[in-house]
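Novice: here is my input, please return the structure:
(one chain, ligands or ions: 2)
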Amino acid sequence: MKIKTVEPFILHVPIEQKTISDARNTITHWGVVGAKITTDSGIVGYGYTGTHAELAGDQAIAHVIKASFGPILIGENPLEVNTLWHKMFNLAPMRWVGRAGIVHLAIGAIDVALWDIKAKSAEQPLWQFLGGATSDELEAYNTNIGWMSNSLDSLVMQSSAAVQEQGFRRLKLKVGHANLSDDIVRIAAVRKAVGPDIPIAVDANGKWDLPTAIRFCKRAEDLDIFWLEEPLWFDDVKSHRKLCHASSIPIALGEQLYSVDAFAQFISRGAMCYAQPDVTRLAGISEYLRTADLAYCHRMPVAAHVGDMGQVHVHLSFYHEMTTMLEYIPWIKRCFEEPIKVENGLYAKPQNPGAGTTLLASSLDNFGKPLA
Ligand code: 0YR
Ligand code: MG
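Specialist: Ligands and ions are numbered 1, 2, ... in the order given. I've put the predicted structure just below:
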């Protein structure tokens, strides 16, 4: 099999709430920036990365896909994903300008498209192609109720509905308000509404400094918080380590880490308790699996970041033994042939061959943006 073309695409998908905020970001659209790869066998692969739909940045990713990596892939065998990943990863001029960020997101999108082709050629969904699922149950935790932009009343109402009507068994709330008391009041209100048995995680999206995080943890001690996610600046290993020692609330992080080496730093120094790898920041499935295996070696649970890579992460989560739960944010479901599905708080195993990334033809018409 040979690669014929590598075509980038950009979608800006409006989110159902019109606008949402976490501690750092306010967004109205989710950006799906990806690669469509055609082959001489007729199999077509799709991969994508997730952005906050800033067009210039998205065009930069698309341009790197097309102009930097496309030419070194055309004519190659797409089934040799490992070879091609290293070829992209070690492309010297791109290493020089981007050992993270846009270059990793571009490689990640292409890598996912190559795995999509590989699994399609075996006529298996990716989780099965990788070797099969380690469990039939993958819990979905609902982040979509917990945005900071949600008023207290609506937060409580939506949390109750998610648990009592939709069957979610886990929730995640965004924190990082200017006033710590607002965070505490919101968590306490949700705890009261859903009862003691629903795990509630919180996510500060890297907003706080160490003293603020310590103060938060002291005040939240009695609320039974399942994990505190990204409390501090993303790369600050030493402060996360101090926080782990200072607080009884487990620390989760990883959605902003760009390499297995970064995870190794945090894990080996006792600076985290839950690993949250993201296939796009890690430049693809290969480095994601290395990271999940690193967590395995430390018996550390893995809960992949979603926002909104769920289409791919659901496969990797069913496959990997360290993963029992996955975030749920349902913004881009309408773009795909086989959208992620959650029933009674559990993810359904995807059934279509591939990595779950095949776009509906209508997605480009409905949400497509011009390439620069
Ligand atoms: C919105 N999940 C996250 C979204 C989400 C972010 O900024 O991108 O909240 O990805 O932190 O855990
Ligand atoms: Mg997060």
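
Novice: quick one: the strands in the chain?
Specialist: Along the chain, the stretches classed as strands by DSSP state E are 3-14, 20-21, 26-27, 29-39, 44-51, 139-142, 171-174, 200-203, 225-229, 251-253, 274-275, 325-328, 342-343, 346-347.

Novice: closest to residue 239 out of those?
Specialist: Closest approach to residue 239 among the strands of the chain (Cβ to Cβ): strand 251-253, 10.5 Å. Where C-beta positions appear, they are placed from N, C-alpha and C, glycine not excepted.

Novice: show me the contacts for residue 199.
Specialist: 141, 169, 170, 171, 226 (Cβ atoms under 8 Å, 6 or more residues apart in numbering).

Novice: what does residue 352 give?
Specialist: Residue 352 neighbours (Cβ under 8 Å, 6+ apart): 125, 337, 338, 358.

Novice: state the number of residues packed around the closest residue to the last one other than its chain neighbours.
Specialist: Computed as Cβ to Cβ, 6 or more residues apart in numbering, the closest residue to residue 358 that is not its neighbour in sequence is residue 337, at 4.3 Å. Burial measure for residue 337: 15 neighbouring residues, criterion other Cβ atoms under 10 Å.

Novice: per-residue pLDDT, residue 309?
Specialist: If you check residue 309, the pLDDT there is 83.

Novice: then residue 297?
Specialist: 98.

Novice: OK, contacts around the residue of the chain most remote from its centre?
Specialist: Outermost residue of the chain with respect to the C-alpha centroid, by Cα atoms, centre = their mean, is residue 40; its distance is 31.3 Å. By Cβ under 8 Å, 6+ apart, residue 40 lies in contact with 1, 2, 4.

Novice: and residue 258, by the same measure?
Specialist: Residue 258 neighbours (Cβ under 8 Å, 6+ apart): 99, 100, 101, 104, 281, 282, 283.

Novice: please report the distance of the fourth one from residue 98.
Specialist: With distances defined as Cβ to Cβ, to the nearest Å, the gap from residue 104 to residue 98 amounts to 7 Å.

Novice: please apply the same query to the last one.
Specialist: From residue 283 over to residue 98 the distance is 10 Å, taken as Cβ to Cβ.

Novice: ok so, going back, phi, psi for the residue farthest from the centre of the chain please.
Specialist: phi -70, psi -10 (degrees, to the nearest 10).

Novice: coming back round to it: overlap in contacts of residue 283 and residue 98?
Specialist: Common neighbours of residue 283 and residue 98 (Cβ under 8 Å, 6+ apart) are residue 104.

Novice: neighbour-wise, which of these two wins?
Specialist: The residue with more neighbours, out of residue 283 and residue 98, is residue 283; 26 against 17, by other Cβ under 10 Å.

Novice: so what's the more buried one up against?
Specialist: Residue 283 touches 85, 88, 89, 103, 104, 107, 108, 111, 258, counting by Cβ under 8 Å, 6+ apart.

Novice: ok now stretch 157-165, how far from the chain's centre?
Specialist: Offset of stretch 157-165 from its chain centre (Cα atoms, centre = their mean, to the nearest Å): 23 Å.

Novice: and that stretch, which residues are buried?
Specialist: Neighbour-count burial for stretch 157-165 flags 158, 159, 162, 163 (criterion: 16 or more other Cβ atoms under 10 Å).

Novice: what's the burial count for the residue in the chain that ligand 1 sits nearest to?
Specialist: The minimum distance from the chain to ligand 1, using Cβ to the nearest ligand atom, falls at residue 307 (2.3 Å). Residue 307 has 19 neighbours, counted by other Cβ under 10 Å.

Novice: gap between residue 143 and residue 150?
Specialist: For residue 143 relative to residue 150 (Cβ to Cβ), the value is 11 Å.

Novice: what does residue 189 give?
Specialist: The value you get for residue 189 to residue 150, if Cβ to Cβ is used, is 12 Å.

Novice: and residue 215, how many neighbours?
Specialist: 12.

Novice: apart from its neighbours in sequence, what residue is nearest it?
Specialist: residue 180 (6.3 Å).

Novice: going by neighbour count, list what's buried in stretch 216-235.
Specialist: Within stretch 216-235, the residues that count as buried by 16+ other Cβ under 10 Å are 216, 217, 220, 225, 226, 227, 228, 229, 230, 231, 232.

Novice: beta partners of residue 50?
Specialist: On the basis of DSSP bridges, residue 50 is bridged to residue 32.

Novice: neighbours around it, how many?
Specialist: With other Cβ under 10 Å as criterion, residue 50 counts 27.

Novice: from residue 309, how far out is it?
Specialist: 6 Å.

Novice: find residues that contact each of the two.
Specialist: Contacts common to residue 50 and residue 309, judged by Cβ under 8 Å, 6+ apart, are residue 280.

Novice: returning to what we had before: show me which of the contacts of residue 40 are buried.
Specialist: Taking 16+ other Cβ under 10 Å as the criterion, what is buried in the contacts of residue 40 is residue 1.

Novice: shaky segments in the chain?
Specialist: Applying pLDDT under 70 to the chain flags no residue at all.

Novice: where do the helices sit along it?
Specialist: 55-63, 70-73, 81-89, 92-97, 101-121, 126-129, 152-164, 180-194, 210-220, 237-246, 260-268, 285-297, 310-319, 361-367 (DSSP state H).
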